[in-house]
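Trainee: The sequence isn't on hand, but the structure is:
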């Protein structure tokens, strides 16, 4: 597959393609599609959040953290992004920093189970 496959089509088509890759657990391919989509529509939270999830599941934790922080800059009470940031920080061994995000996520309604 060439690079153009990941960037061709309308934003809606690329969003759908990214979702298919994500559902198939091809997180790296999903991230490639979503990366260009996020560049094109940086104000939209959903593509950035799915990109963060794709990075998280493909163990690209620094990239996941960057995207999650960008989501939270736009929407500080996005409880799922807050939860994911806490989990991402935990996976990086940053438990103390993670704890505050996890407490806030729970206070905002996220289930920590």
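Mentor: That came through fine. Everything numeric in this text was worked out from a predicted model, so none of it was measured. Numbering: from 1, shown residues only.

Trainee: buried stuff in the worst-scoring helix or strand of the chain on mean pLDDT?
Mentor: Sorted by mean pLDDT, DSSP states H and E, the helices and strands of the chain end with helix 3-7, the least confident at a mean of 73. By neighbour count on 16 or more other CB atoms under 10 Å, the buried set for helix 3-7 is residue 6. The C-beta positions use only the backbone N, C-alpha and C, and glycine is treated the same way.

Trainee: which outside residues touch that helix?
Mentor: Applying CB atoms under 8 Å, 6 or more residues apart in numbering, the contact partners of helix 3-7 are 14, 17, 29, 32-33, 35-36.

Trainee: quick one: which of those is most hemmed in?
Mentor: Within these, neighbour counts (other CB atoms under 10 Å) peak at residue 33, which reaches 29 neighbours.

Trainee: which residues does that one contact?
Mentor: By CB under 8 Å, 6+ apart, the residues touching residue 33 are 6-7, 14, 17-18, 21.

Trainee: which one among those gets closest to residue 79?
Mentor: residue 18 (22.3 Å; CB to CB).

Trainee: Now that closest one: closest residue in space that isn't a chain neighbour?
Mentor: Nearest non-adjacent residue to residue 18, counting by CB to CB, 6 or more residues apart in numbering: residue 33, 4.1 Å away.

Trainee: same check, this time on residue 67
Mentor: Sequence neighbours aside, residue 52 is the residue nearest to residue 67 in space, at 3.8 Å (criterion: CB to CB, 6+ apart).

Trainee: May I see the buried residues of the one helix or strand the one you found maps to?
Mentor: Per DSSP states H and E: residue 52 is located in helix 45-57. Across helix 45-57, burial judged by 16+ other CB under 10 Å covers 45, 47-57.

Trainee: out of these, who's nearest residue 102?
Mentor: residue 56 (14.7 Å).
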